[in-house]
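*Asks:* below are the sequence and a predicted model; questions follow.
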Amino acid sequence: MNDVMLQPMGERTPMTQSLRDRAQDAIMCCAALAWRIGGNVLFGMTTALALQQVPLPEACDLDAEMLHITSSTPDRRRRRIPGTHPHVWKLIATHPDACVPIKGNVFALHPFHAWAQLSSHVSLEELVILAEAIITAISKSSGRYPRLVLSSLREFIDNAPYFLGKTACRTALQLVKANVLSPKESKARLVLLRHGLPDAEVNCHVDRAMFDSGKPMSLDIAWKHFKVAVEYDGDHHRTDKHQWRRDRKKRDRLRQLGWTIIVITADDIRDEVACAEFALNVARELTLRGCDVDFRVIAMTVEELARREKAADRKKRRESAV
């Protein structure tokens with residue numbers, strides 16, 4: 001049933017296709033399936049993300065080309081139709097807001113539920129990156145502050161009954177930050193933390209730095225005290241003339257204010273060697289500015305990083321209680 005199959009939002013998807021375009025394609029495919037079935041259909045997993053303009057994880061053991069159908073109990077599980085993959089998600093029964101109406105007979109699992117669903121199908125790193133993408137997507141669509149969306153996600157996971165992957169979700173939340181605007185920025189931030197660099201602010205405004213429009217200038221990843229920043233440039237930063245000129249103007253202005261700005265692309269975080277070189281470059285600039293960096297040549301795993309963050313959080317709470 002190729003007419004209802006989704007194209008994955010990975011390397012095989014044209015870079016010119018926006019999340020909105022992909023969502024429209026997904027809606028058409030899902031609506032065609034709902035029409036064929038003759039009733040309401042709830043979509044979950046990667047399909048739910050596509051329908052709600054959330055970037056898909058780069059690595060997942062599910063086929064993102066399939067339409068992933070979700071039911072609340074095994075007896076409600078739909079028969080397998082070519083091009084579809086049926087799933088059971090029991091939390092639907094206890095969460096009336098789990099089903100988000102998309103269009104007509106097409107419904108999607110709320111992104112929080114889709115994230116929890118996918119927790120047993122992706123790595124811990126991908127789970128962190130996906131959570132940050134979901135927070136950004138919900139914030140943009142609802143106007144809610146990202147930190148409040150993150151707080152709601154934490155509350156959802158804490159209060160949810162057991163599901164496969166709940167432990168992974170709790171571990172991932174040790175590392176999730178609000179207001180990270182792209183998955184590649186999320187990955188770059190994790191790379192730096194895994195190599196021992198201190199945590200940084202994300203998408204922060206720079207004091208006394210504004211565009212001609214009056215809009216404040218911001219940086220993707222920044223250590224404000226040391227005036228060192230990392231900016232991630234996707235392909236659109238190169239191909240969009242307006243974006244390229246805006247980036248250049250911003251960076252020239254910030255360098256005049258004493259900032260060191262390291263610009264990276266996908267190539268700089270493509271593998272372990274590239275990641276180590278990138279992290280070393282940033283560590284060097286921070287050290288030159290007086291920052292004490294405990295650089296690790298061999299990156300710790302994301303699991304090790306999460307355990308370290310959890311221990312640091314416990315220590316901080318104990319000290320504040322004294």
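*Replies:* Arrived safely.

*Asks:* flag the shaky bits of the stretch 151-300 of the chain, pLDDT-wise.
*Replies:* Where the stretch 151-300 of the chain drops to pLDDT under 70, the residues are 235-239.

*Asks:* for the stretch 1-150 of the chain, what spans make up the strands?
*Replies:* Under the criterion DSSP state E, counting those that start in this stretch, the stretch 1-150 of the chain contains strands at 41-43, 67-71, 84-88, 99-103, 106-109.

*Asks:* next, format those strands as JSON lines and append mean neighbour count, mean pLDDT and distance to V122.
*Replies:* From N, CA and C alone the C-beta is placed, and that goes for glycine too. Formatted as JSON lines, the strands of the stretch 1-150 of the chain follow (neighbours: other C-beta atoms under 10 Å; pLDDT from 0 to 100; distance: least, C-beta to C-beta, whole Å):
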{"stretch": "strand 41-43", "mean neighbour count": "28", "mean pLDDT": "97", "distance to V122": "18"}
{"stretch": "strand 67-71", "mean neighbour count": "24", "mean pLDDT": "96", "distance to V122": "14"}
{"stretch": "strand 84-88", "mean neighbour count": "18", "mean pLDDT": "95", "distance to V122": "15"}
{"stretch": "strand 99-103", "mean neighbour count": "17", "mean pLDDT": "98", "distance to V122": "21"}
{"stretch": "strand 106-109", "mean neighbour count": "26", "mean pLDDT": "98", "distance to V122": "16"}
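
*Asks:* just give me the residue closest to the centre of this structure.
*Replies:* What sits nearest the mean C-alpha location of the chain, by C-alpha atoms, centre = their mean, is A133, with 2.7 Å.

*Asks:* now that one, nearest residue through space, not along the chain?
*Replies:* Excluding its sequence neighbours, the residue lying closest to A133 (C-beta to C-beta, 6 or more residues apart in numbering) is P55, at 4.9 Å.

*Asks:* count of neighbours near that neighbour?
*Replies:* 22 (other C-beta atoms under 10 Å).

*Asks:* next: the one 4 residues further on.
*Replies:* Neighbourhood size, A59 [other C-beta under 10 Å]: 12.

*Asks:* what's the longest strand seen in the chain in contact with?
*Replies:* Longest strand of the chain, by residue count under DSSP state E: strand 201-210. Here strand 201-210 makes contact (C-beta atoms under 8 Å, 6 or more residues apart in numbering) with 177, 179-181, 185, 189, 216-224, 250, 253-254, 257, 259.

*Asks:* now do the contacts for the residue nearest to the centre of the chain.
*Replies:* Applying C-beta under 8 Å, 6+ apart to A133 gives the contacts V54, P55, V180, S182, P183, S186.

*Asks:* the same query, at a cut-off of 6 Å, please.
*Replies:* By C-beta atoms under 6 Å, 6 or more residues apart in numbering, the contact list for A133 reads V54, P55, P183.

*Asks:* what's the answer for A229, then?
*Replies:* L219, A222, W259, I261.
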